[in-house]
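Undergrad: Here is a sequence together with a model predicted from it:
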Amino acid sequence: MVPLTALLLPILLSAVIVFVASSLIHMVLKYHQSDYRHLPEEDKLLAALRPAGLTPGLYHFPFCTHKDMSTPAMQEKYKQGPVGFLTIYPSAPPAMPKFLGMWFAYCLLIGFFVAYLTGHTVAPGAHYLAVFRVAGTAAFLTFALGPLVNGIWKGQPWSVALKEAFDGFIYSLLVAGTFGWLWPR
């Protein structure tokens, strides 16, 4: 067993590397530019939503309870459309420093659990590939498989979910490589 204290450097460095890689993917490679679309008649829609007094949160429309889902009136609402989810943020410019800080904390959290699992299953002095395999699998489970849930339950286009899963695959390789490189000998 390898104690977590011996894995603080790979935890921190893998988080930094994934953070930088994700920044490069989104700012340089630009293949995520098509992930979001412009609302038709955005100004009219926003003006219609303002008086509703929406507070930050996740909304589903048309809204119904499980009991009401199969009623003829609800079925008609579903047929007429639109059907979807709406996420409302506080009315302010995007809080990028906050989002980036939370993303970095998430990367650290994943690194912590990768270290925990790998430290309990791979011996000190193990070969690079043995560490790479376990650390990479653990990182893949979170970074690459996690985004697929949004395609299943939240209607996110599969092209977007698969791009995010591909990003997760890259992040997993980087985490695995970092842990393999810095594994206690």
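TA: Yep, that arrived. Residues are numbered from 1 along each chain as shown.

Undergrad: Would you enumerate the residues in contact with residue 167?
TA: 22, 25, 143, 144 (CB atoms under 8 Å, 6 or more residues apart in numbering). Just so you know, the C-beta spots here come from the backbone N, C-alpha and C atoms, and that holds for glycine as well.

Undergrad: Highest neighbour count among those?
TA: Most neighbours among the contacts of residue 167, by other CB atoms under 10 Å: residue 143, with 26 neighbours.

Undergrad: From the contact counts, what lies against the helix or strand encompassing residue 47?
TA: According to DSSP states H and E, residue 47 maps onto helix 42-49. Helices and strands in packing contact with helix 42-49 are not found; criterion 3 or more CB pairs under 8 Å, 6 or more residues apart in numbering; DSSP states H and E.

Undergrad: Could I get the buried residue list for the next helix or strand after that helix?
TA: Counting by DSSP H and E, the next helix or strand C-terminal to helix 42-49 is strand 57-61. Neighbour counts over strand 57-61 (16 or more other CB atoms under 10 Å) mark no residue as buried.

Undergrad: and if you look at stretch 120-129?
TA: Going by neighbour count (16+ other CB under 10 Å), the buried part of stretch 120-129 is 121, 122, 126.

Undergrad: Distance from the chain centre to the helix or strand harbouring residue 107, please.
TA: Taking DSSP H and E as the criterion, residue 107 maps to helix 96-121. Distance of helix 96-121 from the chain centroid (CA atoms, centre = their mean, to the nearest Å) equals 12 Å.

Undergrad: Quick one: mean pLDDT for that helix?
TA: Per-residue pLDDT over helix 96-121 has a mean of 98.

Undergrad: any residues touching the helix or strand just after it, and which ones?
TA: Going down the chain from helix 96-121, the next helix or strand is helix 128-143, by DSSP H and E. Helix 128-143 is contacted from outside by 14, 18, 110, 113-114, 117-118, 121-122, 167-169, 171-173, 175-177, 179-181, 183, using CB under 8 Å, 6+ apart.
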